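A.B. asks: Pasting the sequence and the predicted model now:
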Amino acid sequence: MTNVFDRLTGQRAVAQELTDAATAARVLASRLDAGPPAPAAADFDVAEHDDAELDASVLDAADFDSPDFDAPDFDSPGFDDPIFDGPTPSPVVVPRASMTHAWLFTGPPGSGRSVAATCFAAALQCQHPDVVGCGECRACVTVMAQTHADVRHIVPQGLSLSVDSMREIVQAAARRPGTGRWQIVVVEDADRLTEQAANALLKVVEEPPSRTVFLLCAPSVDPEDISVTLRSRCRHVPLATPTVADIERVLIDRDGLDADAARWAASVCGGHIGRARRLATDPEAREQRDKALALARAATRDSTAYAAAEELVKSADAAAKAISAERDEAETEEMKTALGAGGTGKGTARPPRGTAGALKELEKRQKSRATRVGRDTLDRALVDLAALYRDALVVSMGAQVTAMHPDKAADIAIPMAAYASPEQLLRCVEAVLECREVLDQNVKPKFAVDAMVATIGQVMRSN
């Protein structure tokens, strides 16, 4: 039997924590199904107890009133359950085995934030009586395939998540689950929430429905990635970057790749499993990486700097269009079919009213998504470039640190370390990071990259 948490690479502690929480969630769900019992006055006097002492069975899902509340371990020896007429328990703190209504998964790109959230959603809905997240029941299969009726995945199609889309999700989240135990909302890339969208989400997270669970994914808990107030209402689950050995094993065992190709891709992917898979199987991805790293040498000469910068931007746009084209075509055909295109019989000659507007709105969303994919592709190239300057800086300082681009050490990193001082290399890293920041402010990519190569050229020629 394959557990859903087996999909998490190098995250054993996280998998155990989520398994324990999903186990506690089953107990809580059964209590919600049974309804709150009415305790006898002789056994329990509300006036004589603080709110923190009230059991979840008395307060109707009191676990959800605070993200810091830790449910008792109902399977621990000596625990007396008030549902079965036992004495009222004293507060029991089990920090990592409790359930709460809002979770925040953080980690660098490729660490598996959205995968961890989806696996947790499957474990919460799992129907197996003995195994949490069995991976084989109908609930686990449909959640992992993102087709479960009570699990909604919110993925930004453009550069941000708008308040209108978030309000629709908030309204849907208030409904009771139809087939599963919980109504679950998975918000991927929660760092792309606009301020208004974050406020709309915060309101329902602060006053959650008893059957709703929110799973947010963001790069970090930094206020630039997620608001401080929203973060404070969530239980934080940090994910670590998978090791090279873990990624190599996944590429060989799951994808059936050649050992040499898997080893190379794992060593240069920056801890991103999906990118390692693309580098190992897609020649265009390897070409895009080579163009980004070649900019380090081209930027030192005016005759090649701006041509290389323009080529990098164009290649990022081309890659984004290639990624989006196939999906856009399928979506457009699906929309036309849903609106009656290709039908036969009376009344099918003319499209129904509103067809043009629906297609125009779809085209607008596709254009926004293509822009986002292009920015993400260019950002990945800039991260590669910054990592190359970092490798040269490591060589220059004589530090014993694993290189981010070991295959470029002899060709670029070592000669660059001999040519430039550590201060110059550090300034080049800062120039690349500044370029990423201005791109986040919607500066045109061509202008941002041109400014970056101009700065790098001035720094490298300052000897």
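C.D. replies: Ah, there it is.
A.B. asks: gap between residue 12 and residue 5?
C.D. replies: Taking C-beta to C-beta, to the nearest Å as the criterion, residue 12 is separated from residue 5 by 9 Å. Backbone N, C-alpha and C define where each C-beta goes, glycine included.
A.B. asks: More neighbours: which of those two?
C.D. replies: Shown here are residue 12 and residue 5; by other C-beta atoms under 10 Å, residue 5 has more neighbours (23 against 10).
A.B. asks: Report the contact partners of the more buried one.
C.D. replies: When contacts are counted by C-beta atoms under 8 Å, 6 or more residues apart in numbering, residue 5 touches 15, 18-19, 119, 123, 133.
A.B. asks: and with 10 Å instead?
C.D. replies: 11-12, 14-16, 18-19, 22, 115-116, 119-120, 122-123, 132-133, 135 (C-beta atoms under 10 Å, 6 or more residues apart in numbering).
A.B. asks: Which of those residues fall in helices?
C.D. replies: Members of those lying in helices (criterion: DSSP state H): 12, 14-16, 18-19, 22, 115-116, 119-120, 122-123.
A.B. asks: How many residues are close by residue 122?
C.D. replies: By other C-beta under 10 Å, neighbour count at residue 122 equals 29.
A.B. asks: pretty sure it contacts residue 150?
C.D. replies: No - between residue 122 and residue 150 no contact is recorded; they are 11.5 Å apart, counting by C-beta atoms under 10 Å.
A.B. asks: Now the common contact residues for those two.
C.D. replies: Common neighbours of residue 122 and residue 150 (C-beta under 10 Å, 6+ apart) are 139, 142-143, 184.
A.B. asks: so which of the residues you listed comes closest to residue 261?
C.D. replies: Closest approach between the shared contacts of residue 122 and residue 150 and residue 261, by C-beta to C-beta: residue 143, at 31.9 Å.
A.B. asks: what sits up against stretch 405-412?
C.D. replies: So stretch 405-412 is contacted by 244, 264, 267-268, 270, 289-290, 293-294, 296-297, 384-385, 387-392, 394-395, 403, 413-417 (C-beta under 10 Å, 6+ apart).
A.B. asks: Those, buried ones only, as a ChimeraX selection?
C.D. replies: To isolate the buried subset of the contacts of stretch 405-412 in ChimeraX, counting by 16 or more other C-beta atoms under 10 Å, use the following:
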select :244,264,267,268,270,289,293,294,296,297,384,385,387,388,389,390,391,392,394,395,403,413,416,417
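A.B. asks: Inside helices: which ones of the contacts of stretch 405-412?
C.D. replies: 244, 264, 267-268, 289-290, 293-294, 296-297, 384-385, 387-392, 394-395, 414-417.
A.B. asks: Tell me the helices and strands packed up against the one helix or strand residue 318 maps to.
C.D. replies: Assigned by DSSP states H and E, residue 318 falls within helix 302-338. Applying 3 or more C-beta pairs under 10 Å, 6 or more residues apart in numbering; DSSP states H and E, one finds that helix 302-338 contacts helix 283-298, helix 355-397, helix 445-460.
A.B. asks: and after the helix or strand of the chain with the lowest mean pLDDT, which helix or strand comes next?
C.D. replies: Every helix and strand of the chain was ranked by mean pLDDT, DSSP states H and E. The lowest is helix 56-59, at a mean of 34. The element immediately downstream of helix 56-59 (helix or strand, assigned by DSSP H and E) is strand 102-106.
A.B. asks: average pLDDT for that following strand?
C.D. replies: For strand 102-106, the mean pLDDT works out to 94.
A.B. asks: Then stretch 407-423?
C.D. replies: On average, stretch 407-423 scores 92.
A.B. asks: gap between that stretch and the chain center?
C.D. replies: Here stretch 407-423 is found 34 Å from its chain centre; the criterion is C-alpha atoms, centre = their mean, to the nearest Å.
A.B. asks: So which bits of it are buried?
C.D. replies: Buried residues in stretch 407-423 (16+ other C-beta under 10 Å): 408-409, 412-413, 416-417, 420.
A.B. asks: same deal with stretch 169-182?
C.D. replies: In stretch 169-182, counting by 16+ other C-beta under 10 Å, buried: 169-170, 173, 177, 180-182.
A.B. asks: Quick check: end-to-end length of it?
C.D. replies: 15 Å (C-alpha to C-alpha, to the nearest Å).
A.B. asks: And the nearest residue to residue 122 once chain neighbours are set aside, how close does it get to residue 24?
C.D. replies: Distance criterion C-beta to C-beta, 6 or more residues apart in numbering; nearest residue to residue 122, sequence neighbours excluded, is residue 143 at 3.9 Å. Residue 143 sits 19 Å away from residue 24, going by C-beta to C-beta.
A.B. asks: Comparing those two, which shows the higher neighbour count?
C.D. replies: residue 143 (28 against 23).
A.B. asks: confidence score at that one?
C.D. replies: Looking at residue 143, the pLDDT reads 94.
A.B. asks: Same check on residue 76?
C.D. replies: In this model, residue 76 carries a pLDDT of 42.
A.B. asks: same question, residue 344
C.D. replies: 57.
A.B. asks: same check, this time on residue 266
C.D. replies: The model's pLDDT for residue 266 equals 92.
A.B. asks: In this structure it contacts residue 255, no?
C.D. replies: No - using C-beta under 10 Å as the test, residue 266 is too far from residue 255 to be in contact (11.4 Å).
A.B. asks: Which neighbours do these two have in common?
C.D. replies: 273, 276-277, 280.
A.B. asks: Sort out which of those are in helices and list them.
C.D. replies: Those of the shared contacts of residue 266 and residue 255 lying in helices (DSSP H): 273, 276-277, 280.
A.B. asks: Just put those residues in TSV and tack on distance to residue 209, neighbour count and pLDDT.
C.D. replies: Listed next are these as TSV, based on distance: C-beta to C-beta, whole Å; neighbours: other C-beta atoms under 10 Å; pLDDT from 0 to 100:
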residue	distance to residue 209	neighbour count	pLDDT
273	34	24	87
276	40	28	91
277	38	21	91
280	44	22	91
